[in-house]
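*Asks:* Have a look at this prediction, sequence included:
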Amino acid sequence: MSFFKKIFSSEKKETLDKGLEKSKSSFFSKLTKAVAGKSKVDDEVLDNLEEVLVSSDVGVDTTLKIIDRIEERVAKDKYLGTDELNKILREEIAGLLSETNSGEETEYTVPANKKPYVLMVVGVNGVGKTTTIGKLAYQFNKKGLKVVLGAADTFRAAAIDQLQVWADRVGVPIVKQNMGSDPASVAYDTLKSGVAQDADVIIIDTAGRLHNKVNLMKELTKVKKVMQKVIDDAPHDVLLVLDGSTGQNAFEQAKQFTAATEVTTLAVTKLDGTAKGGVVIGISDQFQIPVKYIGVGEGIEDLQVFNKYEFVDSFFKK
């Protein structure tokens, strides 16, 4: 496949390689055991491979898809060597990711015909939501885009304070009210302020509560409706932030949020501190929502635009 020959930007790729090191090491150590003593891909190897993929947090449904695809290739080539398994897995996983992610983007971009571009960020507390917003603001600001932040997670004083710290650090304006204020009111004021300031990008933080899906749905719907009084097609993107280190819990969070609101893109954080990087593959496949950003380190530059070619290359790089 052509992506094997792609040349990646060295600095970003090195960070990605390092960030996925734990996931890759864990995966290959399991894969080595799965094919030990075997020269041919047979039923036993496929059963072992299934176990490896599930235990690497790829998820059961996505694992079965991958196994089915490999079985088809085994059926065509009666003697498929285990030494070819790595290459085949790369191809099939890249193929799955291709069905959801365009994979070509490597830069932080916003549509030229949407100004201001309104991004609403959702996710439970503790997944790195506010940090992701801060890093996004930094990246957009660095590209010369005017950014305004809205602190609509008004249920925790810490959330407002944390976003203020990021606004100060990046050097962008923030719209906020007191803790306990109406989140929709904050979102409305932020959009009014963004339009008045001729902003290019407006990023709205929202509450990370998930104890009551009905309340969450009502709240997010209200925030959207109020924003549309200022910009009729806002928000242009609803970004769900998931903590990659939680593995299967990230699947559950994705289920809850996609049921509560229309999520359009995903960010998967904290991949550098975990061996659960396979969750990116499963979540992308199961929810058919593109992964737009991945977090592979704590540094301000370590939130990356997700590129499926780079990801697959790093995950399978020996």
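*Replies:* Good, I have the coordinates.

*Asks:* CA only for contacts and neighbour counts going forward, please
*Replies:* Noted.

*Asks:* what's the first-to-last distance across stretch 168-179?
*Replies:* 19 Å (CA to CA, to the nearest Å).

*Asks:* Identify the residues contacting that stretch?
*Replies:* If you take CA atoms under 8 Å, 6 or more residues apart in numbering as the criterion, stretch 168-179 is touched by 134, 137-138, 141, 146-152, 154-157, 160, 164, 167, 186, 189-190, 193.

*Asks:* go on, stretch 71-86?
*Replies:* 35, 38-41, 46, 316.

*Asks:* Kindly recompute the last result at 7 Å.
*Replies:* 35, 38-41 (CA atoms under 7 Å, 6 or more residues apart in numbering).

*Asks:* Show me which of those residues are buried.
*Replies:* Taking 16 or more other CA atoms under 10 Å as the criterion, what is buried in these is 35, 40-41.

*Asks:* And those, which is closest to residue 303?
*Replies:* residue 35 (34.9 Å; CA to CA).

*Asks:* Wait, the closest one touches residue 46, no?
*Replies:* No. Contact criterion CA atoms under 7 Å: residue 35 and residue 46 do not qualify, at 9.1 Å.

*Asks:* Residue 22 - how many residues pack around it?
*Replies:* By other CA atoms under 10 Å, the residues close to residue 22 number 18.

*Asks:* Actually, residue 61.
*Replies:* By other CA under 10 Å, the residues close to residue 61 number 12.

*Asks:* Hmm, residue 262 and residue 289 touching each other?
*Replies:* No. Counting by CA under 7 Å, residue 262 is not a contact partner of residue 289; they are 10.3 Å apart.

*Asks:* For ChimeraX, write the select line for the buried members of the contacts of stretch 168-179.
*Replies:* Buried residues among the contacts of stretch 168-179 (16+ other CA under 10 Å), as a ChimeraX selection:
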select :134,137,138,141,146,147,148,149,150,151,152,154,155,160,164,167,186,189,190,193
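
*Asks:* Out of the contacts of stretch 168-179, which sit inside helices?
*Replies:* Counting by DSSP state H, the part of those found in helices is 134, 137-138, 141, 157, 160, 164, 167, 186, 189-190, 193.

*Asks:* ok, back up a step: now the buried ones among the contacts of stretch 71-86 in CSV, with pLDDT?
*Replies:* Formatted as CSV, these follow (pLDDT from 0 to 100):
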residue, pLDDT
35, 85
40, 85
41, 87
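
*Asks:* of the residues you listed, closest to residue 246?
*Replies:* Nearest to residue 246 among the buried ones among the contacts of stretch 71-86, with distances taken as CA to CA, is residue 35, at 27.7 Å.

*Asks:* I'd like the distance between the closest one and residue 62.
*Replies:* Residue 35 sits 21 Å away from residue 62, going by CA to CA.

*Asks:* likewise residue 296?
*Replies:* Relative to residue 62, residue 296 is positioned 23 Å away (CA to CA).

*Asks:* ditto for residue 38
*Replies:* With the distance defined as CA to CA, residue 38 ends up 25 Å from residue 62.

*Asks:* How many neighbouring residues does the closest residue to residue 92 other than its chain neighbours have?
*Replies:* Among residues not flanking residue 92 along the chain, residue 66 sits closest, at 6.5 Å (CA to CA, 6 or more residues apart in numbering). By the other CA under 10 Å criterion, the neighbourhood of residue 66 contains 21 residues.
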